[in-house]
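>>> Following is a predicted model, sequence given first.
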Amino acid sequence: MCDRAPGGEVEIVPNCFRVIQRSNWKIFLENQLDALHPSVTHQSTGRAAHEVEKEIAKRTRKGEAPLSYHMLSAFATVTIDKWDNFQTLNYPHGHCILTGYMGLRPQDPDTLAYDKVMIKAYGQKRFEEIVGVNIHHVLIYPGLSVQSPLQQLRAVRPLGVDRTLTEIWHFRLKGAPEAIYRRSLAYYNLVNSPATLVNADDLENFWKCHQGLSSDGGDWVSFARHLGRDIEKNGVVETAPNCGTSEAPMRNQMKAWARYMTAEK
Ligand SMILES: [Fe+2]
């Protein structure tokens, strides 16, 4: 995230959103890199935004709506088959990465203005390296969820077996044009804020998952999606091509947690 700042530093923007989830902390972390759920869980939010987006686009000369609508409509337009095109990388100790989701190199005027400032600060070669990092989301297991291209992170603090506090922070890239900060702020407010429909959908699901697991319904949870298709290289488990919705990140987290809960570290 610091590399993406022309000034080489980021500034924390006070204050954070704090949410207490009535569910176990592991449910939140399992959700973070789950590529299967967004187009289903957030379908109604995405469709509503897409309808308005199309109306606005019709009324404008260029046929475009503000990017903020796209942040929400993508939940309806990026369907499950498209989510399979992404990839997760799963490292020892439960750490995981979701690769590029929103396009690494957008060509809108705000991004092009930012690119110019970055090239001036770092030179063309280093700039290409920085913006070419193919990461949308990183989990530093078990306590941190970072979305560096969107300048935000979530700290996970378990308060009890059925209560989890998450703090959602966002950052300003020092030296970057104001429009880049505004874009991050829009995503922060529209997608990650506790006030959004997106977050409300997730929180209800987390609560239901926890209630289900507290019942006598069964002792096991299946994380078998695309099991056996993952590719393991030097201790890193990559999802196979067109298997981005694999539950490999959940399997990876549970493996690490099982180790932390036993003598084997
Ligand atoms: Fe979600």
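Perfect, thanks for sending it. Numbering: from 1, shown residues only.
>>> can you pull the pLDDT of E264?
For E264, the pLDDT comes out at 59.
>>> How about V117?
At V117, pLDDT is 96.
>>> is it true that it touches G175?
Yes. Contact criterion Cβ atoms under 8 Å: V117 and G175 qualify, at 6.6 Å. Quick note: C-beta positions are derived from backbone N, CA and C, even for glycine.
>>> who's more crowded, the two?
When V117 and G175 are compared for neighbours, V117 comes out ahead with 18 against 15, by other Cβ atoms under 10 Å.
>>> Assumed that one was part of a helix.
Yes. V117: assigned to a helix according to DSSP: H, G, I helix; E, B strand; the rest coil.
>>> thinking again about what came up before, spit out the residues that contact V117 and G175 alike.
P6 (Cβ atoms under 8 Å, 6 or more residues apart in numbering).
>>> M118: neighbouring residues, count only.
For M118, the tally of surrounding residues (other Cβ under 10 Å) stands at 23.
>>> and what of N242?
N242: 14 surrounding residues under other Cβ under 10 Å.
>>> tell me the contacts of the residue lying closest to it once chain neighbours are set aside?
Closest residue to N242 apart from its sequence neighbours, by Cβ to Cβ, 6 or more residues apart in numbering: D84 at 4.9 Å. Each residue near D84 by Cβ under 8 Å, 6+ apart is listed here: 35, 242-245.
>>> Distance of the nearest residue to A186 once chain neighbours are set aside relative to H136?
With sequence-adjacent residues excluded and distances taken as Cβ to Cβ, 6+ apart, A186 is closest to S68, at 4.6 Å. Distance check for S68 against H136: by Cβ to Cβ, to the nearest Å, it reads 18 Å.
>>> Pull out the buried residues from stretch 154-169.
Neighbour-count burial for stretch 154-169, counted by 16 or more other Cβ atoms under 10 Å, picks out 154, 156, 162, 164, 166, 168-169.
>>> and this structure, what are its domains?
With domains defined by automatic domain parsing, the chain comprises 10-35+86-260, 36-83.
>>> If I average pLDDT within each of those domains, which one is lowest?
Lowest mean pLDDT within the domains of the chain: domain 36-83, at a mean of 88.
>>> Run the chain-centre distance for that domain.
17 Å (Cα atoms, centre = their mean, to the nearest Å).
>>> Could you work out the end-to-end span of that domain for me?
Using Cα to Cα, to the nearest Å, the end-to-end distance of domain 36-83 comes out at 7 Å.
>>> Now P38. Nearest residue, chain neighbours left out?
Closest to P38 by Cβ to Cβ, 6+ apart is F75, at 5.5 Å.
>>> I'd like the distance between the one you found and H37.
Going from F75 to H37 by Cβ to Cβ gives 10 Å.
>>> Name the residue in the two with the higher neighbour count.
Comparing F75 with H37 by neighbour count (other Cβ under 10 Å), the higher total belongs to F75, at 25 against 16.
>>> for that one, what are its contacts?
F75 neighbours (Cβ under 8 Å, 6+ apart): 38-39, 42-43, 45-46, 49, 198.
>>> Please pick the buried ones from those.
38-39, 42, 45-46, 49, 198.
>>> Thanks a lot, see you next time.
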